[in-house]
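Asks: 3D model of this:
(2 chains)
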Amino acid sequence: MRKSWWKILAVVLLIYTFTAGFLIHIPHIGNLKETARNLFFHVPMWFGQITLLSISLVYSILYLRTPDLKYDIFAVCFAKTGILMGILGLVTGSIWATYTWGSPWSNDPKQIGVAIALLIYFAYLVLRNAVPDIDKRAKVSAVYNIFAYFIYIPLIMILPRMVESLHPGGKGVEGNPGLNGADLDANMQLVFLPAVIGWTLLGAWISTLNIRIELIRDKNLLNAE
Amino acid sequence: MKTIFALLKKDLLLELRQQHSFYGILLYVASTIFVLYLSLSNPEPDVWNALFWVIQLFVCVNAVAKSFLQESRGRMLYFYSISGAREFIIAKLIYNIILMLLMSMMSLGLFFLLLKNPLDKPLVFLGIVCLGSISLSLVFTLLAAIAAKAQQNAALMAILGFPLIVPQLLLVIRLSKAAFGEQFRTGAVLNLTGLIVGLDIMVLILSIILFPFLWKD
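Replies: Next up, the predicted model:
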């Protein structure tokens, strides 16, 4: 019970997100109409993705400090869930864009940024598959993961500020990578924050399940040391 | 410091003696640009700009890939015994920057020769080319080290590198438009330059921190 409180919290918060998210009153602005509710599903994906990738980064650094294969498994599992949330964020965003921008893909800088980010992390997985030796794979991919993370963060922080974008959250130099939290309707904020926490916890949960599977699979390897 | 210099000298000497690699890349550049010349003899400034940077990207992959892939296992072991990892990577970084600067200058010359000169401010563009080629070679040096460690060829390096280089490449292409006579907001040019230099410094620091981990076996 003590250890699973956060899983229960995740379930409760997500149930709340799914009910309140569809039921509360939201302001109607322009052509957004009810699609603004996507905020509770699309935006938390990105918060979750950044959090999971950051955790993955921490484990990669830990691996380089003390080469323990466990850290490598942690890093890759968190990165994989991060990629999953990125794909989900892209899909939810595209569905939303179909109804507000008129097409699922309009070469918006934020869409491009996300596509590049996914490519970076797919490359991480390709790199892992390319190295047969386990210790070497762990080391090389940890180095790449750290390098990629520090390029990825400027990418999503700088690029959206440089160019005009259709995405909510300002344009040009004032543009925010996502949207400006202060603009959010008070009613929506009540659901938004729990949604972010809920989805992030769910991502962490998926990762830990994956980690347990991997740890069992590599049990012989890990205990051999 | 002395070690860095010695390693750098060794790389440069090797390059001068076995000129096949240098001329190989040069031929690669020249034939690519010649194909461009045949397919579009008078491109618009925007196309010219984009083509120039994409070709720099491919040149960089080819030029930098060698820097680690050419070192055999035994030779790496030898370097390991005579110098530290930091000195080794710094020497490689400097060598790649020199090589890449040379290559960019050559391709710029060929671009002028074959594809005309749509630039308003050639000197500004020259500065941007230097900045851009330094960025390219910095990013790809560490990636070359990773690819070499993974015992893979240049293809893996391209897969790893292309998404990672995009931010810098976009910034450089954007900045290049200043040389084509596009008016920027006041301070925007300095802003962009600052961003690119900032990213370069970050990549440099990351390379120096991360390479020692790759090096140990």
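
Asks: residue contacts, the one residue sitting closest to the centre of chain B?
Replies: In chain B, the C-alpha nearest the mean C-alpha coordinate belongs to residue B:137, at 3.0 Å (Cα atoms, centre = their mean). Residue B:137 makes contact with B:60, B:63, B:64, B:93, B:96, B:97, B:99, B:100, according to Cβ atoms under 8 Å, 6 or more residues apart in numbering or on different chains. Any C-beta I mention is one placed from the backbone N, CA and C, and that applies to glycine too.

Asks: before we move on, what about residue B:111?
Replies: B:33, B:48, B:52.

Asks: please redo it, this time with the cut-off set to 7 Å
Replies: Going by Cβ atoms under 7 Å, 6 or more residues apart in numbering or on different chains, residue B:111 touches B:33, B:52.

Asks: cool, residue B:149 as well?
Replies: A:136, A:140, B:214.

Asks: which members of these occur in strands, if any?
Replies: In strands, judged by DSSP state E, none of the contacts of residue B:149 are found.

Asks: how about the residues of chain A by chain B?
Replies: A:64, A:116, A:119-120, A:123, A:126-127, A:130-131, A:136, A:139-140, A:143-144, A:146-148, A:150-151, A:154-155, A:158-159, A:162 (Cβ under 7 Å from any Cβ of the partner chain).

Asks: the residue in chain B that chain A sits nearest to: neighbour count?
Replies: Residue nearest to chain A within chain B: residue B:163 (3.9 Å; Cβ to the nearest Cβ). Residue B:163: 22 surrounding residues under other Cβ atoms under 10 Å in any protein chain shown.

Asks: still on that earlier bit, hmm, which of the residues of chain A next to chain B are the buried ones?
Replies: By neighbour count, with 16 or more other Cβ atoms under 10 Å in any protein chain shown, those hold A:64, A:116, A:120, A:123, A:127, A:130-131, A:139-140, A:143-144, A:146-148, A:150-151, A:154-155, A:158-159, A:162 as buried.

Asks: burial check on residue B:109, number of neighbours?
Replies: Residue B:109 has 12 nearby residues by other Cβ under 10 Å.

Asks: per-residue pLDDT, it?
Replies: You'll see residue B:109 listed with a pLDDT of 89.

Asks: and for residue A:53?
Replies: 93.

Asks: which strand or helix spans it?
Replies: Taking DSSP states H and E as the definition, residue A:53 sits inside helix A:42-65.

Asks: next SSE after that helix?
Replies: Later in the chain than helix A:42-65, the nearest helix or strand by DSSP H and E is helix A:69-100.

Asks: give the contact list for whatever residue of chain A ends up closest to chain B.
Replies: Using Cβ to the nearest Cβ, the single residue of chain A nearest to chain B is residue A:119, 3.9 Å away. Shown in contact with residue A:119 (Cβ under 7 Å, 6+ apart): residue B:163.

Asks: what is the rounded mean pLDDT of the strand or helix carrying it?
Replies: Using DSSP H and E, residue A:119 sits within helix A:109-130. Averaged over helix A:109-130, pLDDT sits at 87.

Asks: chain center to that helix: distance?
Replies: Distance, stretch centre to chain centre, for helix A:109-130: 13 Å (Cα atoms, centre = their mean, to the nearest Å).

Asks: hang on, residue A:64 packs against residue A:142?
Replies: Yes: in this structure, residue A:64 is within contact of residue A:142 by Cβ atoms under 7 Å, at 5.4 Å.

Asks: and stretch B:11-22, C-alpha only, in CSV?
Replies: The C-alpha trace of stretch B:11-22 is given here as CSV (Å, rounded to 0.1, in the frame of the first residue of the first chain):
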residue,chain,number,x,y,z
ASP,B,11,46.5,14.3,-37.8
LEU,B,12,47.5,17.2,-40.1
LEU,B,13,50.8,15.5,-41.1
LEU,B,14,48.8,12.3,-41.9
GLU,B,15,46.4,14.3,-43.9
LEU,B,16,49.3,15.9,-45.9
ARG,B,17,51.0,12.7,-46.6
GLN,B,18,48.0,10.6,-47.5
GLN,B,19,46.3,13.1,-49.5
HIS,B,20,43.8,10.7,-51.0
SER,B,21,41.2,11.4,-48.3
PHE,B,22,41.5,15.1,-48.7
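
Asks: tell me the mean pLDDT for that stretch?
Replies: Mean pLDDT, stretch B:11-22: 77.

Asks: what do you get for stretch B:160-169?
Replies: Here the average pLDDT along stretch B:160-169 is 87.

Asks: what residues does it touch?
Replies: A:116, A:119-120, A:123, A:127, A:144, A:148, A:151, A:154-155, A:158-159, B:53, B:57, B:61, B:135-136, B:139-140, B:143, B:146-147, B:196, B:199.

Asks: by mean pLDDT, point me to the weakest helix or strand of the chain.
Replies: This is for chain A. helix A:219-224 (a mean of 72; mean pLDDT, DSSP states H and E).

Asks: wait, chain B
Replies: For chain B, judged by mean pLDDT, DSSP H and E, that is helix B:73-82, with a mean of 77.

Asks: so which residues of chain B form helices?
Replies: Per DSSP state H, chain B carries helices over the ranges B:2-17, B:20-39, B:45-69, B:73-82, B:85-115, B:122-149, B:154-176, B:188-215.

Asks: between the ones you listed, which one is nearest to residue A:80?
Replies: With Cβ to Cβ, the closest approach to residue A:80 among the helices of chain B belongs to helix B:154-176: 17.1 Å.

Asks: what angle do the closest one and helix B:188-215 make?
Replies: 160 degrees (axes from the mean of the first three to the mean of the last three Cα atoms, to 10 degrees).
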